[in-house]
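Enquirer: this one's structure only:
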C-alpha cells in the first residue's frame, strides 16, 4: 500500500514538475516579448514631441529693413511672428504668418507680412524706395508708410531647433503726405500752387535673408 501511494505521488509529482517548468518557461517568453514594447512605450512617454514652439528670428531685407521678431509655432505647419523693424530712417512694427508644408531639413514656405513705419523725413524716404530724387530742400516731415507683401521662401536647418531662410516676393505699400503744398511750391517754383494731401502708392520686389531659433 505504501509503495503504491509513493508511486502515485512520484508520478503526479513528476507531472506537476513538468507543468511548473513549462509554465515558468512560457511566462519568461511572454516577459521577453513584452519588454521591447514596454521600453518603446516608456521612450515615447519620456520624449513627447509637441508641435508648440517659441522662438525668435532676425532678418534683413526690403522693404522691411532690419527686423527682430518673436515667433510662435502652434502647429508644425504654421508660424506666427511679430516684432520691430528699422530702415535706418525710422522705426516700425511688423507681423506675419508662415505656412510650412514640409517638416524636413530643406523645406519651402509661403509667407505673408504686413508692417508700418512711423513718421520720418519724406525726402530721404522717396530715395530709399527707389523714386526720383527730389531737387528740393523743403523738409517734409511726419510721413510714414504701410506695406504688405507675399513671398515664397526656402528654409534649411533642423525644423525643431533652427533654420536659415531666404524669401523673395512682392510688396505693396502706401503713404500720405499731409503737407504736400510746400513741396510742390518748391519743386515748381510757383508759390501760388495749392495741393491737397498727396497719396503715394508703390509696388516693389522683396527679398529677405534671415535666421530662426527656437528656444522653448
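Expert: Structure received. In this text the structure is predicted, and so the values were computed from the model without any measurement.

Enquirer: could you give the mean pLDDT of stretch 107-122?
Expert: Model confidence over stretch 107-122, given as mean pLDDT, is 90.

Enquirer: ditto for stretch 190-201
Expert: Mean predicted confidence for stretch 190-201 is 83.

Enquirer: Give me the residues contacting that stretch.
Expert: Around stretch 190-201, the neighbours that count as contacts under Cβ atoms under 8 Å, 6 or more residues apart in numbering are 172-181, 183-185. Backbone N, C-alpha and C define where each C-beta goes, glycine included.

Enquirer: Walk me through which strands the helix or strand where residue 112 lies pairs with, and which way each runs.
Expert: Using DSSP states H and E, residue 112 sits within strand 106-120. Looking at strand 106-120 with DSSP bridges, its partner strands are strand 91-99 (antiparallel), strand 143-158 (antiparallel).

Enquirer: Could you check stretch 51-70 and say which residues are buried?
Expert: Neighbour-count burial for stretch 51-70, counted by 16 or more other Cβ atoms under 10 Å, picks out 53, 55, 57, 59, 61, 62, 63, 64, 65, 67, 69.

Enquirer: out of those, who's nearest residue 121?
Expert: Taking Cβ to Cβ as the measure, residue 121 sits nearest to residue 65 out of the buried residues of stretch 51-70, at 15.3 Å.

Enquirer: That closest one: what's it in contact with?
Expert: Residue 65 makes contacts with 85, 86, 87, 88, 92, as judged by Cβ under 8 Å, 6+ apart.

Enquirer: Save those residues as CSV, and put in distance to residue 118 and neighbour count too.
Expert: Output for the contacts of residue 65, formatted as CSV (distance: Cβ to Cβ, whole Å; neighbours: other Cβ atoms under 10 Å):
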residue, distance to residue 118, neighbour count
85, 10, 23
86, 10, 14
87, 11, 20
88, 13, 9
92, 6, 23
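
Enquirer: Just these: which are in strands?
Expert: 85, 86, 92 (DSSP state E).

Enquirer: Format those as CSV; extra columns: pLDDT.
Expert: Converted to CSV, these look like this (pLDDT from 0 to 100):
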residue, pLDDT
85, 97
86, 94
92, 95
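
Enquirer: Specify which member of those is nearest to residue 215.
Expert: Taking Cβ to Cβ as the measure, residue 215 sits nearest to residue 85 out of those, at 21.2 Å.

Enquirer: got the strands paired with strand 106-120 as TSV, with distance to residue 75 columns?
Expert: Converted to TSV, the strands paired with strand 106-120 look like this (distance: least, Cβ to Cβ, whole Å):
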stretch	distance to residue 75
strand 91-99	10
strand 143-158	16
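
Enquirer: Lowest average confidence across these, which one?
Expert: Between these, the one with the least mean pLDDT is strand 143-158; it has a mean of 93.

Enquirer: Can you mark which positions in that one are buried?
Expert: Those buried within strand 143-158 under the rule 16+ other Cβ under 10 Å are 143, 144, 145, 147, 149, 151, 153, 155, 157.
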